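Student: Fold the following, please.
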Amino acid sequence: MAKTIGKPIERTLAFEKNVDGNKELLRIINERAAKTKQGGGTKAQEKLKEKNKMPVRERITALIDEGSNFLEIGLFVADGMYVQEGGAPSAGVVTGIGLIHGRECLIVANDPTVKAGAWFPMTAKKNMRIQEIAIENKVPIIYLVDSAGVFLPMQDEIFPDKEHFGRQFRNNAVLSAMGVPQIAAIMGPCVAGGAYLPIMSDEALIVEGNGSLFLAGPALVEAAIGEKTDIDPLGGAMMHSTVSGVIDYKVKDDSEAIKTIRSLVSKFSPLKGKKNLFERSQSYPPLFDSEEIFGILPTDRAKPYSTYDFLARIIDNSELDEYKADYGKTIICGYARIDGWAVGIVANNREVVKNGKGEIQIGGVIYSESADKAARFINNCNQRGIPLVFFQDVTGFMVGTRAEQGGIIKDGAKMVNAVANSVVPKFTFIVGNSYGAGNYAMCGKAYDPRLIFAYPSGQIAVMGGAQASKTLLTLKTSNLRKEGKTLSENEEKAMLKEIKDKYDETTTPLYAASQLWIDGIISPTDTRSIVSIGLACASHQDSIPEWKSGVLQV
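Tutor: Residues are numbered from 1 along each chain as shown. Next up is the predicted model:
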């Protein structure tokens with residue numbers, strides 16, 4: 001029987017300090033987001049309009065259903081990268097999930113204000129993340145193409161490897177074979193290898209005057225074979241729609257292109273099994289205000305808090321069927337609903353607890369019995385076809401003689417095995433710490449969550465900054481002593497601070513988002529809607545793959 005969890009929160013001074021600290025983190029992220037969304041800047045967008053072209057985000061707003069939300073994926077990709085090249089906000093492409101005639105669609109839209117939509121190494125990685133989501137969930141993709149092609153100064157980092165530029169065309173072919181619709185609108189230049197992406201889609205549109213498509217532009221054609229030609233006869237809209245037959249629809253402007261795409265999507269066949277692949281009933285809000293999460297999560301990531309109070313502000317009616325509630329207490333497992341969807345919850349418990357022997361266990365650490373419980377629960381969810389939602393706030397697995405003798409490696413391996421072989425949709429939220437093998441066991445990026453987001457309070461690293469910096473300092477001072485050098489106490493302190501500051505820069509959610517280790521940084525209050533969107537996308541599948549467990553040491 002489901003039990004109500006959580007309790008009303010007393011708005012103490014500590015609570016209010018947490019609210020202020022966490023909302024300040026979110027404010028900083030939101031400011032960075034607003035700046036990133038400007039792409040190449042206001043002037044560049046005005047120049048687009050002079051060419052009768054809509055800025056990329058206006059294109060997306062017009063494409064999706066009026067009043068619906070666009071879940072952006074990869075907003076901060078390439079943040080802080082390619083500085084010498086002038087930067088590439090969002091890697092020059094806007095991607096995400098939107099509704100078109102009530103149907104979830106993935107959208108990939110080049111931003112021509114960023115280096116004319118040129119492709120950087122992270123652009124390819126970001127595009128392939130969207131294609132990966134499409135392959136996993138069988139969700140249609142709409143490409144709004146407006147790109148000058150590969151950023152040539154970095155071609156060696158974009159072109160030849162398995163996960164480089166060409167992988168996208170392979171994915172085009174795989175998606176087509178799977179029966180996943182792909183529609184491309186050529187709204188600007190589409191050059192060289194990039195020309196294959198729209199033409200390997202199922203249907204392609206081109207905008208008169210602005211759209212062009214060719215393997216080599218006029219300058220390269222002249223250099224290669226000595227032929228002089230203009231853009232229109234080489235790869236313009238009229239030529240491709242009347243002579244080459246490459247294009248399926250010629251449209252007069254961006255607006256008509258978007259209306260045509262919407263019309264095509266409206267005629268897709270109904271989804272198989274969309275209403276019953278995963279169990280869903282009426283949605284109910286939590287009993288407690290989700291805004292209170294800002295006060296529950298401590299700004300000092302080492303401090304404990306009630307994970308039950310946190311979950312009570314996420315799940316429907318704040319009701320949880322908790323699995324093995326009195327065993328393996330440093331991980332909370334149970335069945336709940338989020339926006340009506342039945343899900344299995346796996347969350348690190350950040351409170352200090354006592355095990356069955358009366359021994360104190362540290363919150364956020366995975367002990368043998370916790371790993372064993374979680375592995376069994378994850379397997380249960382797979383057996384029953386129940387999606388999984390992971391809430392990470394983990395410092396890793398327990399270490400020490402007692403833990404090793406108790407088989408922590410064996411039990412940890414069981415949990416990792418269960419996560420790795422899971423076939424139901426998995427969604428991961430990094431609430432706080434995400435350290436070491438705890439990241440893996442709690443379904444980090446390497447374990448294929450359908451979507452993975454972090455709160456502004458999230459931190460991702462092999463270990464915490466304090467421990468890592470002391471370890472690195474020890475190694476450095478040891479090497480210096482071998483060279484006959486010693487440091488004063490003040491010099492050691494200065495070196496420790498330098499090491500820690502540099503290390504901490506790589507543990508932030510913004511850094512993780514720039515590398516695409518996560519799909520984005522969100523407010524805790526957006527958690528429910530993201531799970532719901534993710535499961536709506538997962539419902540595009542015809543069925544859940546057959547589940548098989550790997551070898552488990554018991």
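Student: residue ranges with poor pLDDT in the chain?
Tutor: Counting by pLDDT under 70, the low-confidence segments of the chain come to 152, 193, 272-275, 464-466, 468-469, 552-554.
Student: Give me the longest helix you can find in it.
Tutor: Ranked by residue count and defined by DSSP state H, the top helix of the chain is helix 13-36.
Student: residues of that helix that come out buried?
Tutor: Neighbour-count burial for helix 13-36 flags 15, 18, 19, 21, 22, 23, 25, 26, 29, 32, 36 (criterion: 16 or more other Cβ atoms under 10 Å). Quick note: C-beta positions are derived from backbone N, CA and C, even for glycine.
Student: Next: stretch 358-378.
Tutor: So stretch 358-378, judged by 16+ other Cβ under 10 Å, has buried residues 361, 363-378.
Student: Stretch 528-538 too?
Tutor: By neighbour count with 16+ other Cβ under 10 Å, stretch 528-538 contains the buried residues 528, 530, 531, 532, 533, 534, 535, 536, 537, 538.
Student: Who are the packing partners of the strand or helix carrying the fourth one?
Tutor: Applying DSSP states H and E as the criterion places residue 532 in helix 527-538. Based on contacts counted as 3 or more Cβ pairs under 8 Å, 6 or more residues apart in numbering; DSSP states H and E, the elements that helix 527-538 packs against are strand 71-72, strand 103-110, helix 121-137, strand 331-338, strand 341-348, strand 426-435, strand 451-454.
Student: rewinding a little: just the residues contacting the longest helix of the chain, thanks.
Tutor: Residues outside helix 13-36 that contact it (Cβ atoms under 8 Å, 6 or more residues apart in numbering) are 9, 75-76, 79, 89-90, 294-299, 456-457, 509-510, 521, 523.
Student: ok, 7 Å please
Tutor: Taking Cβ atoms under 7 Å, 6 or more residues apart in numbering as the criterion, the residues outside helix 13-36 that touch it are 9, 75-76, 79, 89-90, 294-295, 297-299, 456-457, 510, 521, 523.
Student: For these, work out which two are farthest apart.
Tutor: 9 and 89 (38.1 Å; Cβ to Cβ).
Student: more neighbours, the two?
Tutor: residue 89 (22 against 17; other Cβ atoms under 10 Å).
Student: contacting residues around the more buried one?
Tutor: By Cβ under 7 Å, 6+ apart, residue 89 lies in contact with 36, 39, 114.
Student: Distance check, the nearest residue to it once chain neighbours are set aside against residue 76.
Tutor: Using Cβ to Cβ, 6 or more residues apart in numbering and skipping residues adjacent in sequence, the residue nearest residue 89 is residue 36, 4.8 Å away. Residue 36 sits at a distance of 6 Å from residue 76 (criterion: Cβ to Cβ, to the nearest Å).
Student: any chance you could map the strands in the stretch 351-500 of the chain?
Tutor: 353-354, 360-361, 365-366, 388-394, 396-397, 426-435, 451-454, 459-461 (DSSP state E, counting those that start in this stretch).
Student: okay, now residue 88: neighbour count?
Tutor: Residue 88 is surrounded by 26 other residues when neighbours are defined as other Cβ under 10 Å.
Student: Would you confirm that it contacts residue 82?
Tutor: Yes - under the criterion of Cβ atoms under 7 Å, residue 88 is in contact with residue 82, at a separation of 4.8 Å.
Student: what sits in contact with each of these two?
Tutor: With contacts taken as Cβ under 7 Å, 6+ apart, the residues that reach both residue 88 and residue 82 are residue 120.
Student: any idea how far residue 171 is from residue 248?
Tutor: On the measure of Cβ to Cβ, residue 171 and residue 248 end up 21 Å apart.
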